[in-house]
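Asks: One predicted model, sequence on top.
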Amino acid sequence: MQIISREDVKTLLEQPKSNCVSIYMPVHPAGAEVRQDPIRFKNLIKEAEARLIDAGLDQKEAMDLLSKAHELDVQEFWEQLGEHGLAIFISQDILRYYALPIDFEELVVVTDRFHVKPLLPILNGNGRFYILALSQNQVRLLVGTHYRCQEIDLTRVEGLPTSLDEALQYDDTSEKQLQRRSSAGGASNSGSPGSQAGSFHGQGSDTGGEEHKVDILRFFQEVAPALEKNILHEQQAPLVLAGVEYLLPLYNSANRYQNLMAEAITGNPEILSAQELHSAAWGIVEAYFHKSQEEVLERYHELFGGNTGKASNKLEEIIPAAYYQRIDSLVVAVNQQQWGLFDTATETVYLHDEEETGDEDLLDFAAAHTLLNGGTVYAVPPEQIPYSTPVAAIFRY
C-alpha cells in the first residue's frame, strides 16, 4: 500500500461530482478478528446501496455502481492489508482504496464528492516528510509518515545522478579528471560496509581535498534541482538529510528547497536500513509538526480574542469562507460530523441536528475546500479545538 499524500486527497476531491461513495472501517492485520472484516464490509456496502437509492438511483443502478467494490471481497484482499483502517472510494469511474494506520470508525457517506476528513490526521500531526540519504556511492530518497516509510525509485528521475561517478562521467576526460575520478572510485571501493556511522565512507576522516569537494558539490548541484523539479516541487513536507558531516554543508549550498530541516542524521547512511532512517528522521520532524499546529492555535487565540474578524469558530461564517478561498488555516474535529447544506446562490448555511437526505458533513466541506484552495488543515481530536467547538478557522482577509 502506498502512503497517502496531500496530492492523493486533492485528486479525490477533484473527481467528477456525482454519487460519490466513501466508506471507512476498522480492519485487523492479524488474529481471529480478521474473519469479521468481510462481514463488516458487506454490511457497509449494503448501507451504501441504501443511501444511493435514497439519493435517487434505482436498485440496479446502485448495485452496478458498487459492483467494483464487491470484487475486492476476496480472501487475498483481506490478508494483504496489514493495517488498522481501510478507506474505500467509489464512483461511476473510480475505485480507490487505502489501507492506513488509523483506527477508523465505521462510516458511510454518499454525496456529490468524496468524504476525506478521516484521512487528514495522517497529513498533519503525523505528517508526511522526506529523507534524503547521501553518499558518494548512492543517493536514496524515502517518503514517510509517523507510522512508516518507503523508498522512492530514483532511477527514472530525469537528470538525477545517483552516484558521484555517474555525475562526473560526462565531464571532460583530461588526464587530471581521470586521475581524480580514479582516486574517488578507488577510495569508494575501499569503504567497508561495517564502517562506523559518522566516518566519511571509503575515506575515513580524509575529505579528499578541495578538488574532491568541487566534484561532490557539482554532484549535489545536479541532484538537488532534479529532486526539486521532479519530486519536491510545490511540496510543503520537511526534508531531512542523512549523511556524514562533511557532505551535509555541501548539499546545503546546492539546495533550494525551502523545507530542508536544519538538523540532520549524521553518519554513514549506506549502513542504515529504511526503518533505521525513518526512526531517526521522525525524531527530528515530530517537533516540527507539533510546533506548526501549536503556532496555528496560538495565532487563532490572538486573533479570536482580539475581535479582529480574522478568526472564527462559527460554521455559518467558516463554510462560505472556505468556499470562497478565504481560509488560511483550519482546525477541525475528526470522528465528528455536522450535517447540513450550503446554498451557494444565497450563501446560506443550514445546520441539521441529524443527517437528512441530501446533507453533507459541513466539517468535511470546510476541510475539503480549504485544502483545494491551498490552505492548511489540521484534523485533531475534538478536545484539542479551542472553546469546545468542532472547528476553528483563521481567515486570509
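Replies: Done, it's in. Numbers count the residues shown, from 1 in each chain.

Asks: By mean pLDDT, point me to the weakest helix or strand of the chain.
Replies: helix 175-189 (a mean of 42; mean pLDDT, DSSP states H and E).

Asks: Could you list the domains of the protein?
Replies: Taking automatic domain parsing as the domain assignment, the ranges for the chain are 6-123, 129-289, 309-395.

Asks: so for the first one, what's the average pLDDT?
Replies: Across domain 6-123, the average pLDDT comes to 89.

Asks: end-to-end on that domain?
Replies: 7 Å (C-alpha to C-alpha, to the nearest Å).

Asks: May I see the buried residues of stretch 142-151?
Replies: 142, 143, 144, 145, 146, 149 (16 or more other C-beta atoms under 10 Å). Every residue, glycine included, has its C-beta placed from N, CA and C.

Asks: Kindly report the same for stretch 227-242.
Replies: 227, 228, 231, 232, 235, 237, 238, 239, 240, 241, 242.

Asks: about what we covered before: which one of the domains of the chain lies closest to residue 295?
Replies: domain 309-395 (9.4 Å; C-beta to C-beta).

Asks: just so I have it, where are all the helices in the stretch 151-300 of the chain?
Replies: Assigned by DSSP state H, counting those that start in this stretch, the stretch 151-300 of the chain shows helices spanning 164-168, 175-189, 209-227, 248-254, 274-305.

Asks: so what's residue 133 bridging to?
Replies: Listed by DSSP bridges, the beta-bridge partners for residue 133 are residue 140, residue 242.

Asks: now it: how far from residue 334?
Replies: Remark: distance between residue 133 and residue 334 (C-beta to C-beta, to the nearest Å) = 33 Å.

Asks: And residue 371, by the same measure?
Replies: 15 Å.

Asks: Check residue 139 too.
Replies: For residue 139 relative to residue 334 (C-beta to C-beta), the value is 37 Å.

Asks: Can you pick out the residue with more neighbours from those two?
Replies: Neighbours per residue, other C-beta atoms under 10 Å: of residue 139 and residue 334, the larger number sits with residue 139, 25 against 21.

Asks: Next up, the contacts around that one.
Replies: 132, 133, 154, 160, 161, 162, 163, 223 (C-beta atoms under 8 Å, 6 or more residues apart in numbering).

Asks: Give me the neighbour count for residue 56.
Replies: Residues near residue 56, counting by other C-beta under 10 Å: 11.

Asks: ugh, wrong one, residue 289
Replies: Using other C-beta under 10 Å, residue 289 has 19 neighbouring residues.

Asks: circling back to that earlier point, let's have the domains of the chain in TSV, adding distance to residue 300.
Replies: Shown next, in TSV, are the domains of the chain (distance: least, C-beta to C-beta, whole Å):
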stretch	distance to residue 300
domain 6-123	17
domain 129-289	17
domain 309-395	5
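
Asks: Figure out which of those domains is closest to residue 301.
Replies: Residue 301 lies closest to domain 309-395 among these, at 6.4 Å (C-beta to C-beta).

Asks: Quick one: mean pLDDT for the closest one?
Replies: 94.

Asks: Please, which helix or strand holds the spatially closest residue to residue 116 that is not a sequence neighbour?
Replies: Once flanking residues are discounted, residue 116 sits nearest to residue 9: 5.2 Å by C-beta to C-beta, 6 or more residues apart in numbering. Using DSSP states H and E, residue 9 sits in helix 6-13.

Asks: Mind listing what's buried along that helix?
Replies: For helix 6-13, by 16+ other C-beta under 10 Å, it's 6, 8, 9, 12, 13.

Asks: who touches that helix?
Replies: Residues from elsewhere that reach helix 6-13, judged by C-beta under 8 Å, 6+ apart: 89, 96, 98, 113-114, 116, 119-120, 123, 128, 236, 368, 371-372.

Asks: Likewise for stretch 151-170?
Replies: With C-beta under 8 Å, 6+ apart, stretch 151-170 has contacts from 136-143, 177, 181, 184-185, 188, 215-216, 218-219, 222-223, 225-227, 229-231, 274.

Asks: Flag every buried residue along that stretch.
Replies: 154, 157, 160, 161, 162, 163, 164, 165, 167, 168.

Asks: and which of those is nearest to residue 103?
Replies: Of the buried residues of stretch 151-170, the one sitting nearest to residue 103 (C-beta to C-beta) turns out to be residue 154, at 33.8 Å.

Asks: Which pLDDT does the model give the closest one?
Replies: 94.

Asks: Ok, residue 142 next?
Replies: Reading off the model, residue 142 has pLDDT 95.

Asks: For it, give me its contacts.
Replies: By C-beta under 8 Å, 6+ apart, residue 142 lies in contact with 130, 131, 133, 149, 150, 151, 152, 274, 277, 278.

Asks: List of residues touching the strand or helix carrying the second one?
Replies: Mapping residue 131 onto the secondary structure by DSSP H and E places it in strand 129-134. Counting by C-beta under 8 Å, 6+ apart, the neighbours of strand 129-134 from elsewhere in the structure are 139-145, 149, 220, 223, 227, 232, 235, 237-243, 247-248, 251, 265, 269-270, 272, 277-278, 281-282, 285.
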